[in-house]
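Colleague: here is my input, please return the structure:
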Amino acid sequence: MSNSTKKMNAVEALEEAHRIAFAPFVFQASVSLRKLGILDYIFDQRANGGPTVEEISQDLSITPYGVGVLLEIAETSNIVSKNEAKQYELTKVGYFLNYNTTAGVNLNFANDVCYKGLFHLNDSIKNGKPEGLKELGQWKTIYEGLSQLNPVEQQSWFDFDHHYSDDIFGEALEKIFERKPKTLFDVGGNTGKFSIKCCNYNEDVKVKIVDLPGQLNLAMANAERNGFKERISGHAIDWLSENPHIPKGADLIWMCQFLDCFSEDEIVKILSTCVQSMDDNAELIIVETFTDRQAFRASQFILEATSLYFTVLANGNSKMYPASVFLKLIDKAGLKLKEDVQLGEYHTMLVCEKK
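Modeller: Presented below is the predicted three-dimensional model:
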């Protein structure tokens, strides 16, 4: 139990319980305040002490009733504050909610991708299947449907996925190309973003993207658009099929935020498949955001919330893992750890080789 929880008295604890009970109301009000431009408008008027409900209503063409009900819940939720002249200002929470990139990416992902599906969490826990996925489409896992999501859902999914990996790519590329790989396999390459960065960074490397057919089509089109048709190739795979296999010949196999999409047994199966394709000098690099290696409680909270997305929408059986679990799975798959490196604030890079 954290110190702040220990110090809470009964009234505060009950208030917190009520906040949890009505959390979806506060969330949807926050989405509306952003989408309708109310938070932007309040911030833009800060030099004048902030606008009143009537001013917001008039300038944004929303009824005073609509503005009022949103701002009332926003005030008790510490998103806005109101002075004696009934003028509104953003609190620090409101400012971050509206302008912090990470908070915005998280909010859009929660609203556009996860919100309706989360209603089915109870069934997912009981059945071990992503029961909420039917709210997005008829697929076994979300990965089969990524290329078919509607544009808003797809944008929010990829924004979320890329936001937590793009920042470390620069640092990772340096470490990768110290090793001078000629052939790199990008496993779970999605849109091909990382493969394209590799080809831009090093003019000799050849990259093979290993992914589901739908994603591969997207990635190959992006590779061609960026002029790397000759250097980026694809290998279609369904890791959940009976006997998946990948070609031999990789100097380096790269998996960034990929293995958290699978259960522990599936991770061992994937890594063992890679081991069979590796020669003695090949390396396999895993990059993940591990729950037990986060400096800030907020980071751990985000990762644990993301685990529920995996439970109810993605596949029903994976999560954001602690590093302690991954180290056991690596060993079980026939790999040994060569390097354990921190990348950026949140990520860990595990460099492995065959035993």
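Colleague: where do the strands sit along this structure?
Modeller: Using DSSP state E, the strands of the chain run over 80-82, 88-90, 183-187, 206-211, 232-236, 252-256, 283-288, 335-343, 347-354.
Colleague: next one: the third one to chain centre, how far?
Modeller: Relative to its chain's centre, strand 183-187 lies at 22 Å (CA atoms, centre = their mean, to the nearest Å).
Colleague: can you check the fourth one too?
Modeller: When distances are taken as CA atoms, centre = their mean, strand 206-211 is centred 22 Å away from the chain's centroid.
Colleague: what lines up beside that strand in the sheet?
Modeller: When pairs are called by DSSP bridges, strand 206-211 turns out to pair with strand 183-187 (parallel), strand 232-236 (parallel).
Colleague: pick the most buried one from those.
Modeller: Stretch with highest mean neighbour count among the strands paired with strand 206-211: strand 183-187 (a mean of 24; mean count of other CB atoms under 10 Å). Placement of C-beta: from N, CA and C, glycine included.
Colleague: returning to that earlier point: could you export the strands paired with strand 206-211 as CSV, including distance to Ala223 and mean pLDDT?
Modeller: Formatted as CSV, the entries for the strands paired with strand 206-211 read as follows, by distance: least, CB to CB, whole Å; pLDDT from 0 to 100:
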stretch, distance to Ala223, mean pLDDT
strand 183-187, 11, 97
strand 232-236, 4, 96
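Colleague: closest to Asp260 out of these?
Modeller: Closest approach to Asp260 among the strands paired with strand 206-211 (CB to CB): strand 183-187, 12.9 Å.
Colleague: how far off strand 252-256 does the closest one point, in degrees?
Modeller: For strand 183-187 against strand 252-256, the angle between stretch directions is 30 degrees (axes from the mean of the first three to the mean of the last three CA atoms, to 10 degrees).
Colleague: Serialize the strands paired with strand 206-211 to TSV and add fields for distance to His18.
Modeller: Putting these into TSV (distance: least, CB to CB, whole Å) gives the following:
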stretch	distance to His18
strand 183-187	45
strand 232-236	50
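Colleague: any idea which of those gets closest to Leu252?
Modeller: The minimum distance between Leu252 and the strands paired with strand 206-211 falls on strand 183-187, with 4.9 Å, by CB to CB.
Colleague: now that closest one - C-alpha only, PDB.
Modeller: Included here for strand 183-187 are C-alpha records, laid out as PDB according to Å, rounded to 0.1, in the frame of the first residue of the first chain:
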ATOM      1  CA  THR A 183      20.900  -8.700 -43.100                       C
ATOM      2  CA  LEU A 184      18.300  -7.600 -40.400                       C
ATOM      3  CA  PHE A 185      14.900  -9.200 -39.800                       C
ATOM      4  CA  ASP A 186      12.300  -6.800 -38.400                       C
ATOM      5  CA  VAL A 187       9.800  -9.100 -36.700                       C
END
